[in-house]
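Peer 1: sharing a sequence plus its predicted fold:
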Amino acid sequence: MKRYRNKLGSLFKKHEDMLLISSAILIFVIFSLIILPLLLITIVNNDELPNIERLSIDIPVKVYLHKTGDTVTLDLEEYVAGVVAGEMPSSFEFEALKAQAVAARTYALSKVVRGEKFGNSADHPNAPLCDDTHCQVYRSEQELLELKGSDWMKNSWPKIKDAVATTLGEVMFYGGELVEQPLYHSSSGGKTENSEDVFVSNLPYLRSVESKYEDEAPHQSESISISFNTFKEKIQNTYGASSINPNTIKILKRSEGGRVEEIQVGDKTLKGRDIRELFNLRSANFTFAFDGNNNIVFTTRGFGHGVGMSQWGANGMAQAGFNYKEILKHYYTGVTVKQVN
Ligand SMILES: [Zn+2]
């Protein structure tokens, strides 16, 4: 009986051991199949989404200088001031300069973050940013002094630095993520463009919106006359089109903002952008006519690609009493402005 009890006891013991072992296996399986992947996803996600805590105004900004071929490392806010000076007239309203500062800072941080993750542009592999229109025009204090003179440095430079300082660290977010392409242009001609109608990607914050306050913008309506023979030759040589005559040129499709998307020229269908680039037009928002002297006359509206913030429109909005956040939210659909430290 005793032996039997002992046997029974050891059986129970074995059973307990087995229970312990199977619990341990179960916990291990749950951990490796469910908890571990969840942890990993969280870590990877944190790495992929540049959330507000990870962004900082202390991030040094490397800028490639096209003229000298040097790469310089700048303080973010110093870089932003140099961009506002390079991209917008200092005579513009203070709120427009502030909007420009936030757009320039957002662009800079987004380029730094993306450069770290995916590498920099092939045009400047050692720096996320450069100093000309390829990225954003940046002017150093020395360049500004040479370009604009000491009076400008005394009277206008402090205004730009103030606009940058009063928006210290402020950048735009869309859906919890840093806005990646805060594009801007000189003037839209009355309506901005959807990003996909001008460039490739469809970005939710780059939608076509009205730009009502561009009255003071230069190049609102500009005509350029080109001899029809030159026009014909250039199109033939560049795109191999034939049968080009006044009756075979037709605008086929316009974008929401008014830019020519498709134009028939002879036996080819071209983009409005192709015509803009080939003949140096101010914008792809154009009409054309023939003047009776063998010339084709293009009349353009606005200046630039038309996507994102219109700088002249921003200045007009500021004159009408809108503040920089209202300006940014008008031109960049659905964004919020937040400060990073
Ligand atoms: Zn660049």
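Peer 2: Great, that's in hand. Numbering: from 1, shown residues only.

Peer 1: how far does stretch 206-226 sit from the chain's center?
Peer 2: 20 Å (CA atoms, centre = their mean, to the nearest Å).

Peer 1: mind starting the numbering at 567 from now?
Peer 2: Got it, the first residue is 567 from now on, which makes the last one we talked about stretch 772-792.

Peer 1: what sits closest to Lys757 if chain neighbours are left out?
Peer 2: Across the structure, with CB to CB, 6 or more residues apart in numbering as the measure, the residue nearest Lys757 apart from its sequence neighbours is Gly823 (4.4 Å). For the C-beta atoms, the positions are set from N, CA and C on the backbone; glycine is no exception.

Peer 1: same deal with Pro691?
Peer 2: With CB to CB, 6+ apart as the measure, Gly685 is the residue that lies nearest to Pro691, at 7.1 Å, once sequence neighbours are left out.

Peer 1: and for the one you found, the neighbour number?
Peer 2: Number of residues near Gly685 (other CB atoms under 10 Å) recorded here: 10.

Peer 1: equivalent analysis for Ala783, please.
Peer 2: A count of neighbours around Ala783, defined by other CB under 10 Å, yields 20.

Peer 1: equivalent analysis for Glu682, please.
Peer 2: For Glu682, which is what you asked about, the neighbour count (other CB under 10 Å) is 12.

Peer 1: what's the first helix or strand after the helix or strand harbouring it?
Peer 2: Secondary-structure assignment from DSSP states H and E places Glu682 in helix 660-684. Proceeding N to C from helix 660-684, the next assigned helix or strand is strand 695-696, under DSSP H and E.

Peer 1: who does that next one pair up with?
Peer 2: Next to strand 695-696 in the sheet, as set by DSSP bridges, lie strand 627-630 (parallel).

Peer 1: packing partners of the helix or strand just after the strand it pairs with?
Peer 2: Scanning forward in sequence from strand 627-630, with DSSP H and E defining helices and strands, the next element found is strand 637-640. Under the contact definition 3 or more CB pairs under 8 Å, 6 or more residues apart in numbering; DSSP states H and E, strand 637-640 sits against strand 627-630.

Peer 1: which residues are in contact with the strand it packs on?
Peer 2: The contact list for strand 627-630 (CB atoms under 8 Å, 6 or more residues apart in numbering) reads 636-642, 645, 674, 678, 689-690, 692-697, 704.

Peer 1: buried subset of these?
Peer 2: Under a neighbour-count criterion of 16 or more other CB atoms under 10 Å, the subset of the contacts of strand 627-630 counted as buried comprises 640, 642, 645, 674, 678, 690, 693-697, 704.

Peer 1: pull the most distant pair out of the residues you listed.
Peer 2: The distance between the two most remote of the buried ones among the contacts of strand 627-630 (CB to CB) is 17.6 Å, for Leu642 and His690.

Peer 1: in stretch 721-741, what counts as buried?
Peer 2: 722-723, 726-727, 729-730, 733, 735-740.

Peer 1: from those, which is closest to the ion?
Peer 2: Val737 (19.1 Å; CB to the ion).

Peer 1: picking up where we left off before, same for the ion: which of the contacts of strand 627-630 are within range?
Peer 2: Cys696 (CB under 5 Å from the ion).

Peer 1: domain ranges for the chain, per the record?
Peer 2: 627-751+873-905, 787-867 (automatic domain parsing).

Peer 1: mean confidence score for the shortest one?
Peer 2: Okay, so that is domain 787-867. In this model, domain 787-867 has a mean pLDDT of 95.

Peer 1: circling back to that earlier point, possible to save the domains of the chain as a markdown table with distance to Glu776?
Peer 2: Below are the domains of the chain laid out as a markdown table (distance: least, CB to CB, whole Å):
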| stretch | distance to Glu776 |
| --- | --- |
| domain 627-751+873-905 | 9 |
| domain 787-867 | 9 |
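
Peer 1: winner for burial among the ones you listed?
Peer 2: Comparing the domains of the chain by mean neighbour count (mean count of other CB atoms under 10 Å), domain 627-751+873-905 ranks first with a mean of 19.

Peer 1: distance between the host helix or strand of Glu827 and the chain's centre?
Peer 2: Using DSSP H and E, the secondary-structure element containing Glu827 is strand 826-831. Offset of strand 826-831 from its chain centre (CA atoms, centre = their mean): 26 Å.

Peer 1: what does that strand rub up against?
Peer 2: Strand 826-831 has contacts (CB under 8 Å, 6+ apart) with 763, 801, 805, 807, 810, 814-821, 835-838, 841, 850-852.

Peer 1: return the subset of those lying in strands.
Peer 2: When DSSP state E defines the strands, the subset of the contacts of strand 826-831 inside them is 815-820, 835-837, 852.

Peer 1: is it correct that Pro724 falls within a helix?
Peer 2: Yes. Using DSSP: H, G, I helix; E, B strand; the rest coil, the secondary structure at Pro724 is a helix.
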